[in-house]
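*Asks:* Here is a sequence with its predicted model. Questions after.
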Amino acid sequence: MTSGGNAWKEEFFVRSYETDCTGKFRMASLFNYFQEIAGNHVVALGIGYEVLKNLGYVWFLSRARVRVRSLPVWGDRGIMETWHVTTDGLIYIRDFRMSDTSGNVLLDASTGWLLVDTANFRPHAPDALPIPLPVNDNGRALDEPLKKLLPVRGMRPAYERSVLLSDLDVNNHVNNARYLDWIFDCYDDAFVRSHLLSFLQVNYVGETALGDTVALSRGEDASTPGVDYIEGVSRRKGSRVVQAIVGWESSLLQAILPVHSA
């Protein structure tokens with residue numbers, strides 16, 4: 001672990017249980033990295049989980065966007081870097097970059113976090129934070145904004161998923177990484193093996209609880225071929241809890257295209 005220029009870096013090693021059926025790094029594993037490494041950074045800054053908990057606050061991931069160049073596979077090593085960028089209203093913008101041991105960028109990500117009151121689960125303004133987060137001079141990992149997501153026409157039911165005890169985190173909420181598995185379970189084996197993930201954005205827009213059922217649906221964005229819109233709706237509340245857009249490329253197409261260096 002290193003900290004310099006207000007950024008935080010950690011080495012990573014992809015373990016077998018962090019990969020999917022193709023041997024590539026799972027997005028749920030990536031989001032677990034986001035939580036762990038961002039958590040380590042704020043601990044080093046003096047405003048970690050225990051400090052905020054005593055003040056009655058907790059961090060919640062609100063939105064995340066990932067641009068993939070190449071996913072690591074089982075056994076790969078590299079560096080994950082994170083830094084606080086700015087605030088946008090109530091949202092703290094934190095960016096990430098994953099690189100291999102040669103310094104080649106594997107993926108970039110931008111995330112938005114809320115500082116939430118544990119008594120009523122309402123977000124607080126940045127001035128509630130006891131220590132201001134330092135701004136890093138790395139700029140932005142991604143130029144794309146963490147925008148709201150709009151449903152598309154022609155949505156088709158994918159499957160329904162009960163909220164189980166294993167989905168909950170220490171805050172008794174469904175862990176944000178669990179939703180990534182739910183999202184990618186909307187695809188079948190043949191599709192995943194014949195396509196490469198190019199980008200995704202996930203917006204957490206509601207709450208669900210133990211014993212609830214979430215109905216997942218999927219539709220293609222007619223204006224952008226190769227991009228799917230996926231949402232999960234709470235059966236108990238009848239409202240959305242998660243939205244995502246997922247971009248894919250055919251692995252066969254990529255295999256015949258010339259390779260360009262970053």
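*Replies:* Great, that's in hand. Residues are numbered from 1 along each chain as shown.

*Asks:* need the strands for the stretch 101-250 of the chain, in chain order.
*Replies:* Ranges of strands within the stretch 101-250 of the chain are 105-117, 123-124, 156-162, 195-204, 213-220, 227-234, 240-250, based on DSSP state E, counting those that start in this stretch.

*Asks:* how much space between Arg153 and Gly226?
*Replies:* 17 Å (C-beta to C-beta, to the nearest Å). Yep, even glycine has a C-beta here, placed from its N, CA and C like the rest.

*Asks:* So if I had to pick from those two, which one is more boxed in?
*Replies:* The residue with more neighbours, out of Arg153 and Gly226, is Gly226; 13 against 9, by other C-beta atoms under 10 Å.

*Asks:* Tell me, how many residues neighbour the nearest residue to the more buried one once chain neighbours are set aside?
*Replies:* Distances taken as C-beta to C-beta, 6 or more residues apart in numbering put Trp248 closest to Gly226, at 5.3 Å, once the chain neighbours are dropped. Other residues near Trp248 number 19, with proximity taken as other C-beta under 10 Å.

*Asks:* Specify the beta-bridge partners of Trp248.
*Replies:* Leu197 (DSSP bridges).

*Asks:* By residue count, which helix of the chain is the longest?
*Replies:* Across the chain, the longest stretch assigned as helix under DSSP state H is helix 27-44.

*Asks:* next SSE after that helix?
*Replies:* The helix or strand immediately downstream of helix 27-44 is helix 49-55, counting by DSSP states H and E.

*Asks:* Identify each buried residue in that following helix, please.
*Replies:* Of all the residues in helix 49-55, those buried under the rule 16 or more other C-beta atoms under 10 Å are Leu52.

*Asks:* Check stretch 103-120 too.
*Replies:* Here stretch 103-120 shows Leu106, Leu107, Asp108, Ala109, Ser110, Thr111, Gly112, Trp113, Leu114, Leu115, Val116 as buried, counting by 16+ other C-beta under 10 Å.
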